[in-house]
Each structure stands twice: as C-alpha cells, then as structure tokens.
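Student: A predicted structure for the sequence below; I have some questions about it.
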Amino acid sequence: MLRLACAGGVLLMLLACAPQSLLLRAAADQLAGQATQPEDDVVLAREASAFYLKLSESVLARTPGHLRLAEAVAGGFTQYAYAFVALEAERLESRDARAAQRLRDRAARLYGRAHRHAMTALEHHNPGLSRQLAAADASSPSNRLQLPAEQAAVGYWAAASWGAYIALSKDKPDVVADLPQVVQLARLVLACDPDYGEGAALSLMGTLEAARPGGSRQQAEIYFERAIAASAGRSAGPVVAKADALALPDGDRAGFEALLRQAIAISTRHPSLENTLLRERAQWLLDTLDDRF
C-alpha cells in the first residue's frame, strides 16, 4: 500500500498540468497494475484489500471502460466476498445461524457489487450486451454473441460474481431466474478464451452446468476434468469446485474426501493466496465430514 501511495503521488506531480481524463487513465493503469502483484499472506491481503478496493472503485467510476481496472475491481470484490465473508459464514453456521446469515447477506451484496462493475465495463464496450443475454436461448450457445479475447477476464468475473450472487439468493425467484444469462455469459468467455485462468473458465462452466435446471452431470464432469488438466496441477480451485458441485450432492463421501485431499496436496505443493485459502476450506470440510454424510 505504501508503494501504491508513492506511485500515486509521483503520478499526480508528473501529470499536474495534464487533462483530468489523462490523470484518471494513468491512475487506473497504476491501480490495475497493483492488482497483479502476488500476495501469499492471508491476513495482510485481507487488511489491504478494503482500502485498495475502495480506491480502485472510485477511479473506476470515472473510467468505466478501463478493462484492466474493471477486472481488478470485480475480481477483487468477488474474491474478498468468497475468502473473507462467505467462507466465514459457512464455518459459523453451526454455532450462530443468525450471524452466518448476516455474513451471507453481506457476501451477496459484495458479489452484486462486483457484477455491476464488470457488466458496466462490458456494456461500455458492447452496448446492448445485457439485453442480448436476456434474450438468448439458455439451452444452447448463441452464435450472435461474441466477446473479444481482451474482455475474457472482465467477462469471467461478471459471470462468476453473478453466479455466486444467485447461489446466495435462492429465496429470491427473480434473482435465480437470471441463471440462464450467467450460463450464456460464461459460454462467451469460454468461447473467446478457452484457456482463461488456467482452467478457471472451464471450472466455472462445470459449476454452472451442475447447478442449472436440466444440466448434464456428465458434461459438468468433462468441464471439471478439462479445468484440472488446464491448471496443470497448480491450482486447487477446480478440484474443490468439482467436490462442491458433484461429489457432495450425490452423497459420495469417499469421492468428496478424495477430492479434498487432492486439493490439499496441490495447495501444499504450490503455495499461493488462493491455494492457501482453499486448503483451509478443504481441511475444514474434512474435519466436519460427519456433519455432511
């Protein structure tokens, strides 16, 4: 954060006489660049995230078409909601159901915020996209809709945050009714960049395929296997997603446990913030297996 503040200060001095639009664009570039810096300390990441997200959000509001900053903001809110709010709600459920629900409500609001930022950026570059998604046939991909490769990341976070928001809003039929649009958007991302996020787009499609009415378990399995292969054994994400989507609903305790242990092994071999968080969740799920089966 100190480096970010210094960079911002130097930027303002260098561009003191520049037009405001140029200042905002430069600030957006700086903030988007900071989002790519790796951080493997969970506590430090949590403490720094709120300031970074608020600052980035304020700049993005003035530069809504900045794809890299929109990616950083939407991805940041989505990851913050999942890692520091939704997962805590899961752990708290058995001890304090009301507190857990408050956290789920907060996570849903954060997911919704992420989705709005991502969709605003997509609409900026693709006017009418939301209307086209709503009109598309959910049962099959639309040949009329396309995203350029440079929009894959924003499209991914728009779909991922939307899907997560719906998952926490199952008591709201009008929100759940948007699931086909999420599937369409995720398909667009996969079509424009099949390898996005080393399997992240494939994993998202697996989760959505397993969740949507009329979805195919076999096709979801294919998506997850492709995602795991694309990650080259470096990410625990597709493995945990597969466990959540396929093993647990069918009551397959042995399969669920095997996937969780696989995720823990991957995260141990390849330490990162994402893998650390997923390892903690996988271990917690293992420790509470008897509550689920």
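Tutor: Received the coordinates, thanks. Numbers count the residues shown, from 1 in each chain.

Student: My guess is residue 159 contacts residue 182. True?
Tutor: Yes - using Cβ atoms under 8 Å, residue 159 is in contact with residue 182, at 5.4 Å. Any C-beta I mention is one placed from the backbone N, CA and C, and that applies to glycine too.

Student: who's more crowded, these two?
Tutor: residue 159 (28 against 25; other Cβ atoms under 10 Å).

Student: Identify the residue spatially nearest to residue 185, adjacent ones excluded.
Tutor: Nearest residue to residue 185, sequence neighbours excluded (Cβ to Cβ, 6 or more residues apart in numbering): residue 159, at 4.3 Å.

Student: in the stretch 151-293 of the chain, which spans are helices?
Tutor: Counting by DSSP state H, counting those that start in this stretch, the stretch 151-293 of the chain has helices at residues 152-167, 173-176, 179-192, 200-211, 217-230, 237-242, 253-269, 273-287.

Student: Show me what the last one packs onto, helices and strands only.
Tutor: Packing partners of helix 273-287 (3 or more Cβ pairs under 8 Å, 6 or more residues apart in numbering; DSSP states H and E): helix 42-62, helix 87-92, helix 237-242, helix 253-269.

Student: Now that helix: average pLDDT?
Tutor: Helix 273-287 shows an average pLDDT of 92 in the prediction.

Student: re earlier: any residues in contact with both of residue 159 and residue 182?
Tutor: In terms of Cβ atoms under 8 Å, 6 or more residues apart in numbering, residue 159 and residue 182 are both contacted by the residues residue 208.

Student: hmm, back to that, make CSV out of the helices and strands packed on helix 273-287 and add distance to residue 176.
Tutor: Below are the helices and strands packed on helix 273-287 laid out as CSV (distance: least, Cβ to Cβ, whole Å):
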stretch, distance to residue 176
helix 42-62, 27
helix 87-92, 19
helix 237-242, 20
helix 253-269, 25
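
Student: For those, give me a markdown table that also has mean neighbour count, distance to residue 115 and mean pLDDT.
Tutor: Listed next are the helices and strands packed on helix 273-287 as a markdown table, based on neighbours: other Cβ atoms under 10 Å; distance: least, Cβ to Cβ, whole Å; pLDDT from 0 to 100:
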| stretch | mean neighbour count | distance to residue 115 | mean pLDDT |
| --- | --- | --- | --- |
| helix 42-62 | 16 | 13 | 81 |
| helix 87-92 | 17 | 19 | 93 |
| helix 237-242 | 26 | 19 | 95 |
| helix 253-269 | 18 | 26 | 95 |
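
Student: if we can go back for a sec, in TSV, list the helices of the stretch 151-293 of the chain along with distance to residue 101.
Tutor: Formatted as TSV, those follow (distance: least, Cβ to Cβ, whole Å):
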stretch	distance to residue 101
helix 152-167	14
helix 173-176	16
helix 179-192	22
helix 200-211	21
helix 217-230	28
helix 237-242	23
helix 253-269	25
helix 273-287	19
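
Student: Quick one: closest of those helices to residue 145.
Tutor: Set against residue 145 and scored by Cβ to Cβ, the helices of the stretch 151-293 of the chain come closest in helix 179-192, at 5.7 Å.

Student: Could I get the CA-only coordinates of the closest one as PDB?
Tutor: Written as PDB, here are the backbone C-alpha positions of helix 179-192 (Å, rounded to 0.1, in the frame of the first residue of the first chain):
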ATOM      1  CA  LEU A 179     -29.100 -18.100 -14.100                       C
ATOM      2  CA  PRO A 180     -29.500 -18.800 -17.800                       C
ATOM      3  CA  GLN A 181     -27.900 -15.400 -18.500                       C
ATOM      4  CA  VAL A 182     -24.900 -16.300 -16.300                       C
ATOM      5  CA  VAL A 183     -24.500 -19.600 -18.300                       C
ATOM      6  CA  GLN A 184     -24.600 -17.700 -21.600                       C
ATOM      7  CA  LEU A 185     -22.000 -15.200 -20.400                       C
ATOM      8  CA  ALA A 186     -19.700 -18.000 -19.100                       C
ATOM      9  CA  ARG A 187     -20.000 -19.600 -22.500                       C
ATOM     10  CA  LEU A 188     -19.000 -16.400 -24.200                       C
ATOM     11  CA  VAL A 189     -15.900 -16.300 -22.000                       C
ATOM     12  CA  LEU A 190     -15.000 -19.900 -22.800                       C
ATOM     13  CA  ALA A 191     -15.500 -19.300 -26.500                       C
ATOM     14  CA  CYS A 192     -13.200 -16.300 -26.700                       C
END
